[in-house]
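Novice: I would like the atomic coordinates for the input below:
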Amino acid sequence: MDAARPAGENANRSGLFGCLGIGVAVLALVAVIVIAINRYQDNKNEEIRTQWLEPWCQAIGEGRAEDAWHTLTTEGYRKDRNKDKYLANYQEASKKWGKLVSATVFNSQGTKQPGRPPFQTAKVQTFWEDNGKKIQINLYIELIKDADGIYRQDGGYIGSTENPGANMPGGPW
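Specialist: Residues are numbered from 1 along each chain as shown. Coordinates of the predicted model:
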């Protein structure tokens, strides 16, 4: 023991450094958890992008909504929605907004509802272009992983737009 310091002073410093050490450890743990959650979210969004969004964007952009209907939707989606209304909806969207040129998964969130398998609600920012005029339309697409582990659309609805006068088609998305 240091003769110049009172006995309690060394104990106070040890306690202070112990608390600081615990605080740093807690902050490091929180940082690791946040990084892991972000990495998981990024991986899920990437999986949705490659399995569903890119093929969907290509099919819709090329005017092949029927291909998207047959290959990118679940059996339940096709059973619950009228194919002709689906096709007409995308024809109307193309007439109003032009060609679908790109789309991005902005965010996806897992959801569970009674009587339905777990699904991801993916916020998809779509970008349409007609004669140089660009329109952004946000869609919410409900996706279920099928037995092969591939995302398929099981629902969808239109969200917001940066163009309030965009005249939203009301058919099935």
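Novice: Can you read off the backbone torsions of Gly132?
Specialist: When read as degrees, to the nearest 10, the backbone of Gly132 gives phi 80, psi -10.
Novice: Pull the number of nearby residues for it.
Specialist: 6 (other Cβ atoms under 10 Å). Quick note: C-beta positions are derived from backbone N, CA and C, even for glycine.
Novice: The helix ranked longest in the chain packs against which elements?
Specialist: Using DSSP state H, we find that the single longest helix of the chain is helix 7-48. Using 3 or more Cβ pairs under 8 Å, 6 or more residues apart in numbering; DSSP states H and E as the contact test, the elements touching helix 7-48 are strand 99-111, strand 119-130.
Novice: Okay, buried residues for the last one please.
Specialist: In terms of neighbour count (16 or more other Cβ atoms under 10 Å), strand 119-130 has its buried residues at 119-128.
Novice: tilt between the next helix or strand after it and strand 119-130?
Specialist: Counting by DSSP states H and E, the next helix or strand C-terminal to strand 119-130 is strand 133-145. Interaxial angle of strand 133-145 relative to strand 119-130 (axes from the mean of the first three to the mean of the last three Cα atoms, to 10 degrees): 160 degrees.
Novice: Buried residues of strand 133-145, list them for me.
Specialist: 135-137, 139-145.
Novice: Could you do stretch 146-154 as well?
Specialist: 151-154.
Novice: Stretch 101-117 now?
Specialist: 103, 105, 108.
Novice: got the contact list for that stretch?
Specialist: Contact with stretch 101-117 is made by 41, 44-45, 48-49, 53, 56-57, 61, 118-129, 138, 142-144, as judged by Cβ atoms under 8 Å, 6 or more residues apart in numbering.
Novice: Can you report phi and psi for Ile158?
Specialist: According to degrees, to the nearest 10, Ile158 has phi -80, psi 140.
Novice: Looks like it contacts Leu139 (just checking).
Specialist: Yes: the criterion here is Cβ atoms under 8 Å, and Ile158 meets it with Leu139 at 5.9 Å.
Novice: Spit out the residues that contact those two alike.
Specialist: Trp173.
Novice: Flag the shaky bits of this protein, pLDDT-wise.
Specialist: 1-13, 160-168 (pLDDT under 70).
Novice: from the buried residues of strand 119-130, which is closest to Glu92?
Specialist: Trp128 (12.0 Å; Cβ to Cβ).
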